[in-house]
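> this is the structure alone, sequence omitted:
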DNA sequence: GGCGCGCATGCAAGCGCTTGCAGCCCTATC
DNA sequence: GATAGGGCTGCAAGCGCTTGCATGCGCGCC
């Protein structure tokens, strides 16, 4: 592989010192307009690109952000990742992906301090479950860190208020007149943040009890956060009698699973069964799904911007950062059919 | 930020030179077992991690692979990305993500030679459409490059044989006895490889003509590769009379859109309409979808391994690399209902 | 007309690591 | 008991860039 053109080549070709080239290229002051222009032109002509290793070594900055994700195929992670990358790309930062894998076989490699450090200026972690050792390593990394998606004790966190979101979803069903409300609950998946399904379930229970209702255990059916698993869970739940008139699913993918299940059972949504989810997943609109929307892309972007600000010297904002979530009413929720008779 | 521990710290603490530390840590020969053990222990104790900038500068290797993707939220890209990352992670390589975005607003930033070079040892690009200038930049990058997913003239490519896959899918429908076969065709999306939808459609046409059938223009309905768009396209197609008895969708997501559309129209799948897709998407099983499966994860892994081999000095394998695809029969295809009567 | 100041530029010392080369010691060989 | 050879180790020169400091120039000011 031929030697790439270095700053010396540019310096020689434009008849100035490397120091001047460096300053000119980075837009630093104290470079005459004429010189700057010459340098820029020669650099362009020579196809010069700064070596990130060399400049990283000299400055101590890598201009790269580590992003730790459990996987990249689920909507939330993929979308947050895109938000992060977009924000970083704007300012010339690179995204270094650390895909832990759901099965977690790579966790140790990432966390055994071998990777996160020295290659990134900051780290954004998505909604993972961390062991105390991992948490400590993240915290002691010596550079800004934030978790997006699910609260992790001891680490700064950015995301929706899971409890409030779940309450709002359930409350919407209650407000429509439903009294028999089931819940497709998330299960704690290995490696993923356990708090998210827990809080969503707790929010459901709180909303019910606030309305003087109580959760019937047989109307709470757990499954993973996937469409297929939720479909099966919903089939189990809906085959039981009596059947709830509405279902709060812990995520849109689960809600879609519920809709599929309902169709298979010949139940009309929303006449015979209302369904609400959380997320505003890409497919939510296709299914006409009523949901509590969260802006995953925006969360990613915000997290990245926070990190960049801190790297630029801004004082760290501590504590939990809650981003808003809003109800989007579509076609899967309606007053219970029975209600018309009751009234 | 406190200075991180450097190789000098380890050297001093273990009473040897930095050269020896470097050799010991990297498992190089000519280090006595005793010394190596001491060094390893002190390094561990001090929490030493090599600075990728410094070692990158010294060796000319960054130990990072650039991965250029159009987006990360579609199944194929996400899955290939996971395959790549898994293969890289195994050998300590990092994945640097370049998310172009479908709208392509960041393309220039990536391609204006400012990013790809000097930070990565090799580049894997996913199924994108490149301008001639971009192709040239990729080719002249001076390090190994490969495209996964769709053939790009002038660049090495790895993926299924699109034409053959589409023929196989269509041929399966023909073999079942279908004579009226429609096609949910992909449209060339901005920034994405146009050849993929084109070849899939061409394969469909070839399969038909091989069987003495001809494609009826009104049975070919184009849409994007998403569930929602395909659903609408399928609704349009299926509302027309006469209606085909089978549909070959250019991807599983499109096939799922078709299934949703059929259900909405009250058509029984597969009795009144057979549907076949391509991919074996994560949702294919949930929908009982018959499909031609391609191993996206494996393609990513293979691409990464090829790049790693070449970086290790192996001679580059040139030419197109076709990976296998296999028919998976599930529940959305069956002989046409009319056939029983005909026979 | 001399002095001081500020701007543009260059010099050179790192940043932390790798690696060719040289040196040392210890063992095997004759 | 020399000698050669090999295994360990250290020295030091970079890798390509950034940046504090010094230099030199031209200008405005008194």
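Cool, the structure landed. All of these numbers come straight from a predicted model, not from anything done at the bench.
> ok, the spatially most central residue of chain A to chain B distance?
For chain A, the residue sitting closest to the mean C-alpha position, by C-alpha atoms, centre = their mean, is residue A:80 at 3.9 Å. Distance, residue A:80 to chain B, using C-beta to the nearest C-beta, to the nearest Å: 10 Å. All C-beta atoms are positioned from the backbone trio N, CA, C, and that covers glycine.
> quick one, phi/psi of that residue?
Per-residue torsions, residue A:80: phi -60, psi -40 (degrees, to the nearest 10).
> quick check: the gap between the residue nearest to it when sequence neighbours are not counted and residue B:160.
Residue nearest to residue A:80 in three dimensions, not counting chain neighbours: residue A:300, with 3.8 Å by C-beta to C-beta, 6 or more residues apart in numbering or on different chains. For residue A:300, the distance to residue B:160 equals 31 Å [C-beta to C-beta, to the nearest Å].
> the bottom helix or strand of chain A by mean pLDDT?
Within chain A, no helix or strand scores below helix A:337-342, which has a mean of 54 by mean pLDDT, DSSP states H and E.
> contacts only, for the residue nearest to the centre of chain A.
Counting by C-beta atoms under 8 Å, 6 or more residues apart in numbering or on different chains, residue A:80 touches A:126, A:148, A:149, A:296, A:297, A:299, A:300, A:303.
> go with 7 Å
A:126, A:148, A:149, A:296, A:299, A:300 (C-beta atoms under 7 Å, 6 or more residues apart in numbering or on different chains).
> check it and give its pLDDT.
Per-residue pLDDT puts residue A:80 at 97.
> residue A:134 too?
82.
> part of a strand, is it?
No: read with DSSP: H, G, I helix; E, B strand; the rest coil, residue A:134 is helix and lies in no strand.
> what's the spacing between it and residue A:64?
Distance from residue A:134 to residue A:64, by C-beta to C-beta: 21 Å.
> residue A:47 - how many residues pack around it?
Using other C-beta atoms under 10 Å in any protein chain shown, residue A:47 has 12 other residues around it.
> got it, and residue A:59?
Counted with other C-beta under 10 Å, residue A:59 comes out at 10.
> how close does it sit to DNA strand D?
5 Å (C-beta to the nearest atom of the strand, to the nearest Å).
> one more: residue A:47?
12 Å.
> just the pLDDT for residue A:118.
78.
> can you check residue A:308 too?
In this prediction, residue A:308 has a pLDDT value of 95.
> give me the helices and strands touching whatever helix or strand it lives in, please.
For residue A:308, the element it lies in under DSSP states H and E is helix A:296-311. Judged by 3 or more C-beta pairs under 7 Å, 6 or more residues apart in numbering or on different chains; DSSP states H and E, the packing partners of helix A:296-311 are helix A:75-90, strand A:122-126, strand A:145-148, strand A:157-159.
> need those in CSV (columns: distance to residue A:316).
Formatted as CSV, the helices and strands packed on helix A:296-311 follow (distance: least, C-beta to C-beta, whole Å):
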stretch, distance to residue A:316
helix A:75-90, 17
strand A:122-126, 11
strand A:145-148, 9
strand A:157-159, 12
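> so which of the ones you listed comes closest to residue B:214?
helix A:75-90 (40.4 Å; C-beta to C-beta).
> where does the stretch 101-250 of chain A dip in pLDDT?
For the stretch 101-250 of chain A, applying pLDDT under 70 flags the ranges A:102-106, A:109-117.
> the residue of it found nearest DNA strand C and chain B: what is the separation?
Closest residue of the stretch 101-250 of chain A to DNA strand C, C-beta to the nearest atom of the strand: residue A:118 (7.5 Å). Distance of residue A:118 to chain B, given as C-beta to the nearest C-beta: 5 Å.
> and what of residue A:263?
Counting by C-beta to the nearest C-beta, the gap from residue A:263 to chain B is 7 Å.
> repeat for residue A:166
For residue A:166, the distance to chain B - C-beta to the nearest C-beta - is 24 Å.
> ok, that residue - contacts?
Residue A:166 sits in contact with A:199, A:200, A:203, A:204, where contact means C-beta under 7 Å, 6+ apart.
> where along chain A do the strands fall?
Here chain A has its strands, by DSSP state E, at A:64-69, A:94-99, A:122-126, A:145-148, A:157-159, A:181-186, A:220-223, A:246-249, A:274-279, A:290-294, A:320-322, A:325-328.
> can you lay out those strands as CSV showing mean neighbour count and distance to residue B:225?
Formatted as CSV, the strands of chain A follow (neighbours: other C-beta atoms under 10 Å in any protein chain shown; distance: least, C-beta to C-beta, whole Å):
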stretch, mean neighbour count, distance to residue B:225
strand A:64-69, 26, 23
strand A:94-99, 24, 23
strand A:122-126, 25, 25
strand A:145-148, 25, 28
strand A:157-159, 23, 30
strand A:181-186, 26, 29
strand A:220-223, 20, 28
strand A:246-249, 32, 26
strand A:274-279, 29, 21
strand A:290-294, 24, 23
strand A:320-322, 14, 35
strand A:325-328, 16, 25
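> which one of those lies nearest to residue B:290?
strand A:220-223 (25.4 Å).
> returning to that earlier point: DNA strand D: which of the contacts of residue A:80 is nearest?
For those, the nearest to DNA strand D is residue A:300 (27.8 Å; C-beta to the nearest atom of the strand).
> can I assume the closest one is in contact with residue A:89?
No: using C-beta atoms under 7 Å as the test, residue A:300 is too far from residue A:89 to be in contact (11.9 Å).
> compare those two (neighbour count), which wins?
Comparing residue A:300 with residue A:89 by other C-beta under 10 Å, the one with more neighbours is residue A:300, at 29 against 22.
> near chain B, which residues of the stretch 201-343 of chain A show up?
A:227, A:228, A:231, A:263, A:282, A:283, A:285, A:286 (C-beta under 7 Å from any C-beta of the partner chain).
> got the contact list for the fifth one?
Read it as residue A:282. Residues A:75, B:73 are the ones in contact with residue A:282 under the rule C-beta under 7 Å, 6+ apart.
> quick one: it from residue A:239, how far?
From residue A:282 to residue A:239 the distance is 29 Å (C-beta to C-beta).
> again, but for the second one
Distance of residue A:228 to residue A:239, given as C-beta to C-beta: 17 Å.
> pLDDT score for residue A:17?
94.
> separation between the spatially closest residue to residue A:289 that is not a sequence neighbour and residue A:280?
Spatial nearest neighbour of residue A:289, excluding adjacent residues (C-beta to C-beta, 6+ apart): residue A:332 at 5.1 Å. Separation of residue A:332 from residue A:280 (C-beta to C-beta) stands at 13 Å.
> now do residue A:134
30 Å.
> same check on residue A:36?
In terms of C-beta to C-beta, residue A:36 sits 47 Å off from residue A:280.
> more neighbours, those two?
residue A:280 (22 against 17).
> tell me the contacts of the residue lying closest to the more buried one once chain neighbours are set aside?
Nearest residue to residue A:280, sequence neighbours excluded (C-beta to C-beta, 6+ apart): residue A:293, at 3.4 Å. For residue A:293, the contacting residues are A:280, A:325, A:326, A:328, by C-beta under 7 Å, 6+ apart.
> I'd like those as a markdown table, with distance to residue A:313 and pLDDT appended.
A markdown table is the format used below for those (distance: C-beta to C-beta, whole Å; pLDDT from 0 to 100):
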| residue | distance to residue A:313 | pLDDT |
| --- | --- | --- |
| A:280 | 35 | 97 |
| A:325 | 31 | 97 |
| A:326 | 34 | 97 |
| A:328 | 39 | 98 |
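> next, format those as JSON lines and append distance to residue A:257.
Listed next are those as JSON lines, based on distance: C-beta to C-beta, whole Å:
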{"residue": "A:280", "distance to residue A:257": "16"}
{"residue": "A:325", "distance to residue A:257": "21"}
{"residue": "A:326", "distance to residue A:257": "23"}
{"residue": "A:328", "distance to residue A:257": "19"}
